[in-house]
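Chemist: Could you work out the structure for the sequence below:
(one chain, ligands or ions: 1)
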Amino acid sequence: MPLSREQTELVVLPPSGRYSCHRCGNCCSRYAVRIDKSTYERLAAVDWSQYGERFKGRPLFIPLDAAKEGIYSHELARVGARCIFLEDDNRCLIHSVMGADAKPLMCRKFPYNFVRTPEGVNVSLDLFCPSALGQKGEPIENHLSEIRGLLTEVSEVATLPAEVALFLDQTLNWRDYVEVENALLALMLCEDATMEARLIAGTALILRVCQVQLQARMESQPVPPVARTLGELNVAELLAQAAKTPAAPLVHRLYLGVTLAAFESMAADVHGEKPLGFGARVRLLCGSGRVKLWTLNGQEVSLNQLRKISFDTAQTEIHTLMQRWLISKLESRTVVPLTTLVRGWHHFVGHFIWARWFSRAMAWRRGSKVVECDDLFEGIQLTEMAARTLAPQPGVKSFGKFLDLVYDSPKFVPAAVADGN
Ligand code: SF4
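Modeler: Numbering: from 1, shown residues only. As a prediction, the model looks like this:
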């Protein structure tokens, strides 16, 4: 249900969020735009054939299966990957002809993500948008009245429960969850440690909170406040331990292979392409061989070659972008607390791995053996798009139920981030 005016008054904005539309056309070229019946009726009443040859002799609105798509009745047609209403200069024809407010809600809502929390509606920016990722444009406060207006229209806003799931049947109240979130954010800012060590230390931190809770319950003792558990943690020691965590190439290959096989199959499904064959799956599971990747427009690539491309998180520009992205992801509250904290954190690390993987692919495409900041920028955008496209529920950016199983293992983080780069 859309939110009432009073509910929209309480919004939590990302502290460093900036964005203005620079008409890159990315969002109109990648996502399928679905519309409800009333929008369909409004748009279908216009004779679009007067605006160009591409509108003639073809359906502009593709009917959807009502049983599957809920409130959506149609999808906008595309020319290749681009929305049919997207002009050559990346202007929206609906916007030009009928005004900004006439555009489908999905278009007007981009790049905002909303999730209801006990503090109010948490707003974040979709970092598939290059302006949002590059922090180009107006501070997000300047978009507040637009955001409030959108909130009265959107019907699919995920809600975080007052008790956030920690692990299995263990939960944290909202205040305690915020303590953990703040500790993770502080960890992301520990400049002396590598990003990989920070991610591994984040797992140790969350598992320690789980362990203390479980122990208290087993001994029928009151659960100590999370703030105390976190206060007793020696973060420097956690990071030092994390830095010593040995790489586990075999386990890493398996995780990478399973994730890649699952991802490519789902992507093929979503993008109507040929699913991976048996041989390709086996090769992926072995973490080697040559496969055709959707992410590289079906080009064949050797995984061993990709793995050899250097990705250095200590390199200043890469480090800054990676850090800013990961902090924005944590602040978005759409990854970590919507599953369980442990699993959510593992998904969070999964996003890191994907960004690293995609940026290597971008460097490979450029013919380089070293990932540069622009490759990572594209890698992050692809990761964001993949996570959004494959999300199992509105607002949750994760890679689907199957991958939850992969990410469930506490060994996942150390094995997956330590790739001996
Ligand atoms: S309707 Fe307009 S804003 Fe929406 S995807 Fe198409 S061109 Fe972009």
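
Chemist: Now do whatever residue of the stretch 101-250 of the chain ends up closest to the ligand, the pLDDT please.
Modeler: Sorted by distance to the ligand under CB to the nearest ligand atom, the residues of the stretch 101-250 of the chain start with Cys107, at 3.2 Å. Glycine gets a C-beta too; all of them are placed from N, C-alpha and C. Cys107 is assigned a pLDDT of 95 by the prediction.

Chemist: So that it lines up with my notes, have the first residue be 37 from now on.
Modeler: Sure thing, new numbering starts at 37, so read that last one as Cys143.

Chemist: Quick check, it in contact with Cys64.
Modeler: Yes. Distance between Cys143 and Cys64: 7.4 Å, which falls inside the contact criterion (CB atoms under 8 Å).

Chemist: Which one's more surrounded, these two?
Modeler: Using other CB atoms under 10 Å as the criterion, Cys143 and Cys64 rank with Cys64 on top: 23 against 20.

Chemist: Which residues are in contact with the more buried one?
Modeler: 118-119, 121-122, 126, 128, 143 (CB atoms under 8 Å, 6 or more residues apart in numbering).

Chemist: how about the nearest residue to Thr239, chain neighbours excluded?
Modeler: Val449 (4.3 Å; CB to CB, 6 or more residues apart in numbering).

Chemist: How about Cys409?
Modeler: Ranked by CB to CB, 6+ apart and with sequence neighbours excluded, the top spatial neighbour of Cys409 is Glu353, at 4.0 Å.

Chemist: burial measure for the one you found, as a count.
Modeler: Other residues within reach of Glu353 by the criterion other CB under 10 Å amount to 12.

Chemist: Quick check: residues of this structure near the ligand?
Modeler: Counting by CB under 6 Å from any ligand atom, the chain comes close to the ligand at 64, 69, 112, 119, 121-122, 128, 130, 139-140, 143.

Chemist: I'd like the next helix or strand past the longest helix seen in the chain.
Modeler: The longest helix of the chain (DSSP state H) is helix 377-402. Tracing the chain C-terminally past helix 377-402 and defining elements by DSSP states H and E, one meets helix 409-425 next.

Chemist: Pull the distance from that next one to the chain's centre.
Modeler: Once both centres are worked out by CA atoms, centre = their mean, to the nearest Å, helix 409-425 turns out to sit 9 Å from its chain's centre.

Chemist: What is it packed up against?
Modeler: helix 166-169, helix 285-306, helix 352-368, helix 377-402 (3 or more CB pairs under 8 Å, 6 or more residues apart in numbering; DSSP states H and E).

Chemist: Repeat the analysis, applying 6 Å as the threshold.
Modeler: With contacts defined as 3 or more CB pairs under 6 Å, 6 or more residues apart in numbering; DSSP states H and E, helix 409-425 has these neighbours: helix 352-368, helix 377-402.

Chemist: Tell me which of the ones you listed sits most buried.
Modeler: Among the helices and strands packed on helix 409-425, the stretch with the highest mean neighbour count (mean count of other CB atoms under 10 Å) is helix 377-402, at a mean of 23.

Chemist: Leu163 touches Leu418, doesn't it?
Modeler: No. Here Leu163 lies out of contact with Leu418, judged by CB atoms under 6 Å, at a distance of 10.9 Å.

Chemist: the more surrounded of the two?
Modeler: Neighbours were tallied for Leu163 and for Leu418 using other CB under 10 Å; the higher tally belongs to Leu163 (27 against 20).

Chemist: got the phi/psi numbers for Arg152?
Modeler: phi -80, psi 130 (degrees, to the nearest 10).

Chemist: okay, now it: neighbour count?
Modeler: The tally of other residues near Arg152 (other CB under 10 Å) stands at 19.

Chemist: Okay, and the beta partners of it?
Modeler: Assessed by DSSP bridges, Arg152 has beta-bridge partners Val157, Thr195.

Chemist: So it is in contact with Ala194, correct?
Modeler: No. Counting by CB under 6 Å, Arg152 sits too far from Ala194 to count as a contact (7.1 Å).

Chemist: Can you classify Ile71 by secondary structure?
Modeler: Classification of Ile71 into helix, strand or coil gives strand, according to DSSP: H, G, I helix; E, B strand; the rest coil.

Chemist: mind listing what it touches?
Modeler: 110, 140 (CB atoms under 6 Å, 6 or more residues apart in numbering).
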